[in-house]
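Engineer: 3D, please:
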Amino acid sequence: MRRIELVIQNRLGLHARAAAKFVHLANEFSASIGIEKGQTRVNGKSILGLLTLAAACGCPIVLTAEGDDEGAAADTLAALVNSRFGEDD
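Structural biologist: Okay, the predicted model is just below:
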């Protein structure tokens, strides 16, 4: 299992468009993807799950990936989060 600690960096946080990008990318991998915020863990392949986290800018999260392609999945999804989901501000 891969586990990566991240911080939401985009100004609007993990809003619907950012969550949709994350889920779309996560579903390209066979690995199970999880996102943790505090004591709450959600399925990283579920847009509703991600939105229930209400992860604002500056919020720490933990990305987990488990499965055959866990390394590629974790690295790719972490890069998306670190790129502020491709948003300019």
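Engineer: who touches Gly58 in this structure?
Structural biologist: Listed by Cβ atoms under 8 Å, 6 or more residues apart in numbering, the contact set of Gly58 reads Val7, Ile8, Gln9. Bear in mind the C-beta positions are built from the backbone N, C-alpha and C, glycine included.
Engineer: buried residues in the longest helix that the chain contains?
Structural biologist: Identified as the longest helix of the chain according to DSSP state H is helix 70-82. By neighbour count on 16 or more other Cβ atoms under 10 Å, the buried set for helix 70-82 is Glu70, Ala73, Ala74, Leu77, Ala78, Leu80, Val81.
Engineer: Which one of those is nearest to Arg3?
Structural biologist: For the buried residues of helix 70-82, the closest approach to Arg3 (Cβ to Cβ) belongs to Ala74, at 7.9 Å.
Engineer: I'd assumed Gly67 was in contact with that closest one.
Structural biologist: No. If you go by Cβ atoms under 8 Å, Ala74 and Gly67 don't touch, sitting 10.2 Å apart.
Engineer: who touches both of those two?
Structural biologist: With Cβ under 8 Å, 6+ apart as the test, Ala74 and Gly67 both reach Ala31.
Engineer: contacting residues for the nearest residue to Ile35 once chain neighbours are set aside?
Structural biologist: Nearest non-adjacent residue to Ile35, counting by Cβ to Cβ, 6 or more residues apart in numbering: Gly44, 4.8 Å away. With contact set as Cβ under 8 Å, 6+ apart, Gly44 has these partners: Phe22, Val23, Ala26, Ile33, Gly34, Ile35, Leu50, Leu63, Thr64, Leu77.
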